[in-house]
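Undergrad: give me the fold of what follows.
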Amino acid sequence: MTTVNIRGIPVTFPFEPYELQKDYMEKVIECLQNETNAVLESPTGTGKTLSLLCASLAWLSIRKAQYQVERFGTCDEGSSSFMQTLKESLEGKLGSSGKTFLRVPTIIYASRTHSQLSQAMNELKRTAYSHVKATIIGSREQLCIHPDVVQEEDFTAKRHLCGAKILGKSCHFYNNVEKMAHTEIISDLNVVDIEDIITHGKRHKFCPYFMVKELTQQADIIFMPYNYLLDSRIKKTVGVGISNNIIILDEAHNINKICEDSASSVLSSADITLAIAEVTDVMTAMSKNLQFLDTPPDFSPDELCILKQSLLDFEKAIDSVPIVNSNQSTGATFDGDYIFEILKKGGIDYENCMILSSLIDKIIQFLSVSPNDGPFQRKGNGLEAFNFLLTLVYAHTAPDIREKIKKCYTVYIEEEQPKRSVGNNWLSKATSSYKNGGRSLNFWCFSPGFGMGMLLGKGVRNVILTSGTLAPLKPFISELEMKVDVTLENPHIIKCDQIVVRVLEKGPDGIELNSSFKNRDNPEYIASLGRTILNLSRMIPNGMLIFFPSYPIMQKFTEYWQENGIWSSICEVKAIYVEPKRKEAFATAMTEYYARVADSKFKGAIFMGVCRGKISEGLDFADSNGRAVLIIGLPFSPIKDPKVILKRKYLNDCRIQNKDMVSGDEWYSLEASRAVNQAIGRVIRHRYDYGAIILLDSRFAGFRMRNQMSQWLRDHIKVVKNFGEIIRDLRNFYPNVEKNLPLQKPAPLPQVTTTECPSIDNVTNNKPRGYFNFNSMDMPQSSHSANNANGLVTIHKRNNEGNSTKRRRIAIYTNTNGSNDNDSTSTDSKEYMAMVKKCLTSNQCDVFISALTFYKEHDDFNEFTNKLNEIFIAQYNIRYLIQGLQPYIKEKHKEKFEKYWEKMR
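TA: Here you go, the predicted model:
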């Protein structure tokens, strides 16, 4: 450990920090000392997270010491000169904030996903600050261990079932929380992640979900996803105060969109119809005097009638809005405050909205604890959607809130495609009108500053926004409408000879590379692009990433290449992996991509994904796993999407009043360039890493697009006019850089999250033979026989003789031939166990092997799955391993296992 003095604060770092890390920590401490806000960009691979944690916790340690001195000094007016000197010294280190007598602030460290937070907590454990009290906030989905609640698949039902058990005092895990919270078992914990608290909860029979809430009371730093701070549906249940606290938003390149989305709501006619049906179910049951499980419902039939009538009137009000379809619009647009008018037609206003919201909560909780096989087949999803709109609209009571909503929001009502109506309505005269189609009510927030303003309005001490891809900073800050006094755009830690950045305007045949809307259907362009990738793959060693603008474009291009033989030519050079659709398949595809790159028998591999997709966010393709990234086109949002049209109009209107705001066109372009910057950040992950960044679209040559790239990248960009030039550059680059830099080992399987991004349809991925079974799919992941020599997959191909332009269908399947010999079975088992060891921690491996051994010896399937739950309940990204247990399951338990797998998948 090394200690460096930064702005008077001694910061202990795991090693001698680089200058750019010192610069970054100086900005963090400046922000904390001056109680201001900061926007800090530092490229991926520069130790941003480590610098952020060490600097903020070093400052916090001094602040805690000052607080203790203040408390000691106030006990004795005649305090010693030593104490006075100490106080003055500490105040000097803390800056202008040193004179405050408020409590010590808590650091709230927020990022996009729990896997990113887990990585940050692992970094914290390796620092000199691992003694601080730190915990992570998660959902019931991740933390609850009550068997009844765990089995409930619906999130809303899970939440209300938990609440019902607490009210009925029937959850012994919850009942133990208060007693256990004051024991040394809990008080001795320091950095506590999700896996830690679940392990302790099961061992000592307390609820991890509510114990985390107890831990936050004494925590120095609290980790949470940033939608827990911004989403009104979640933040009220988190129970963490933010007044006088420090908020750090890491990976904040998405924060503008998160602020907008968390403050927006979409309610369809289907949601309203379902809500009416849910109320009707309860009315029907009450009218028939059905026996209820534990206690009678905490509401009356009259209240249900009022709520149902409100829903019917609200639906009628939406249906009565005139919509004129035209080339420019397919819906009706209103200012944001129109939402109050349309809710008023349903009899809902500030006077009764909270009463209705409370009633809806009671109904959902009642439905959640009702039996599934009775009259209550629904669990309140429609009511939940309606209730979210109410709480969103009426959450704020500031005098000027209606004017702010008018300015920052737009109400857009559009037609939906006809759907079948939901039946089972009681009292035939009071039924939904949703039969031959419906409408969608969109309540869209277009101002990130609205959500950020609500956060800052709670008395937050500081906000630090940081990421590897925030540039250009001025428009980013202007949209958030917050005062920012500290900014930084760090350079990269690598040297100039470790990176090649090229804009390639033409393919090897001289065809312009441009994936604009007008050109993306041009077969000459698509073929030229394919030949470009083929030629580049021959020059680029090891792993290679290719990012498309969208999933449909990726599918269109790859299908064309398959039909015209380009795909098979690329596969002869490198195996191709395509981002899978199924979330449980994603970690498997990543593992096999890494394995293929690491295997010296092959020439590497290609992973294809899209900007804003899974592989573009948070994943690590360090060293040989990512020696080049190819960007195909610009990922512009659909220009005719009503939300995009209205957002651009909103910004243009704002620009008239405030020239510092970005225009609609500037925002549209920035959205695309930020997605590109984020995708580029998957390579060059540390000081000794190297790689090529190749922009395969002539539009990147323009000044505007180049100026919107990350600052560290701009000086490296070179536009090449002919294909021979880039081949020459790559031929010189890789051999030279490999001589000068130490060889790095391939990266391990990253922690993969699967909840934030959509995935492509019709894709395939390699699977371990014998564990998974797929139908025939059209987009192969690897279609070269040599690429499958490792035996991980069995691929059936049609004979290539004949018309080579016909589309080949490739099926990945399990070998079910009864004549398989023992060697094959043994190989499958070894491959599976090797994968288990790769994906699980050492503790999880011990539990896994113990569970298998126990099952084999005791024949107890229920206890076997209980042991598996210890590993997989909180780990979505590795649940695909469960299916690999099929060969180990005894015949009499096969049906139970299938049900268990269906529940867990």
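Undergrad: show me where the stretch 401-550 of the chain has helices.
TA: 401-408, 448-456, 473-480, 523-539 (DSSP state H, counting those that start in this stretch).
Undergrad: do you know which of the ones you listed lies nearest Asp599?
TA: helix 523-539 (16.6 Å; Cβ to Cβ). Quick note: C-beta positions are derived from backbone N, CA and C, even for glycine.
Undergrad: give me the residues contacting the closest one.
TA: 504, 506-509, 511-515, 519-520, 544, 546, 556-557, 560-561, 564, 566-567, 569-570, 573-574, 606, 628, 630, 632, 694, 696, 723, 726-727, 730-731, 734 (Cβ atoms under 8 Å, 6 or more residues apart in numbering).
Undergrad: again, only this time at 6 Å
TA: 507-509, 511, 519, 557, 560-561, 566, 569-570, 573-574, 730 (Cβ atoms under 6 Å, 6 or more residues apart in numbering).
Undergrad: identify each buried residue in that helix, please.
TA: 525-537, 539 (16 or more other Cβ atoms under 10 Å).
Undergrad: sorry, back to before: just the closest of the contacts of helix 523-539 to Ile272, please.
TA: Phe557 (40.6 Å).
Undergrad: mind checking which helix or strand the closest one is in?
TA: Phe557 belongs to helix 551-563 when assigned by DSSP states H and E.
Undergrad: so which elements touch the helix or strand following that helix?
TA: Counting by DSSP H and E, the next helix or strand C-terminal to helix 551-563 is helix 566-571. Helices and strands touching helix 566-571, by 3 or more Cβ pairs under 6 Å, 6 or more residues apart in numbering; DSSP states H and E, are helix 523-539.
Undergrad: kindly recompute the last result at 8 Å.
TA: helix 523-539, helix 551-563 (3 or more Cβ pairs under 8 Å, 6 or more residues apart in numbering; DSSP states H and E).
Undergrad: any idea how far the residue nearest to Cys31 when sequence neighbours are not counted is from Leu473?
TA: Spatial nearest neighbour of Cys31, chain neighbours left out: Ala38 (4.0 Å); criterion: Cβ to Cβ, 6 or more residues apart in numbering. Ala38 sits 11 Å away from Leu473 when distances are taken as Cβ to Cβ, to the nearest Å.
Undergrad: about what we covered before: now the contacts of helix 523-539: which count as buried?
TA: Buried among the contacts of helix 523-539 by 16+ other Cβ under 10 Å: 507-508, 511, 519, 557, 560-561, 566, 569-570, 573-574, 730.
Undergrad: closest to Met121 out of those?
TA: Lys574 (35.6 Å).
Undergrad: show the backbone phi and psi for the closest one.
TA: phi -140, psi 140 (degrees, to the nearest 10).
Undergrad: that one against Phe607, yeah?
TA: No. Judged on Cβ atoms under 8 Å, Lys574 makes no contact with Phe607 at a distance of 9.9 Å.
Undergrad: quick one: neighbours of the spatially closest residue to Lys158 that is not a sequence neighbour, just the number.
TA: Using Cβ to Cβ, 6+ apart and skipping residues adjacent in sequence, the residue nearest Lys158 is Glu152, 4.6 Å away. Per other Cβ atoms under 10 Å, the neighbour tally for Glu152 reads 21.
Undergrad: now the buried ones among the contacts of helix 523-539 as CSV including pLDDT and distance to Glu278?
TA: Converted to CSV, the buried ones among the contacts of helix 523-539 look like this (pLDDT from 0 to 100; distance: Cβ to Cβ, whole Å):
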residue, pLDDT, distance to Glu278
Gly507, 94, 57
Pro508, 94, 61
Ile511, 94, 57
Asn519, 92, 49
Phe557, 96, 45
Tyr560, 95, 47
Trp561, 96, 49
Ile566, 95, 53
Ser569, 95, 56
Ile570, 96, 52
Val573, 95, 56
Lys574, 95, 53
Leu730, 96, 61
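Undergrad: in JSON lines, list the residues you listed along with distance to Gln218.
TA: Shown next, in JSON lines, are these (distance: Cβ to Cβ, whole Å):
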{"residue": "Gly507", "distance to Gln218": "61"}
{"residue": "Pro508", "distance to Gln218": "63"}
{"residue": "Ile511", "distance to Gln218": "64"}
{"residue": "Asn519", "distance to Gln218": "60"}
{"residue": "Phe557", "distance to Gln218": "54"}
{"residue": "Tyr560", "distance to Gln218": "60"}
{"residue": "Trp561", "distance to Gln218": "58"}
{"residue": "Ile566", "distance to Gln218": "61"}
{"residue": "Ser569", "distance to Gln218": "62"}
{"residue": "Ile570", "distance to Gln218": "56"}
{"residue": "Val573", "distance to Gln218": "57"}
{"residue": "Lys574", "distance to Gln218": "52"}
{"residue": "Leu730", "distance to Gln218": "55"}
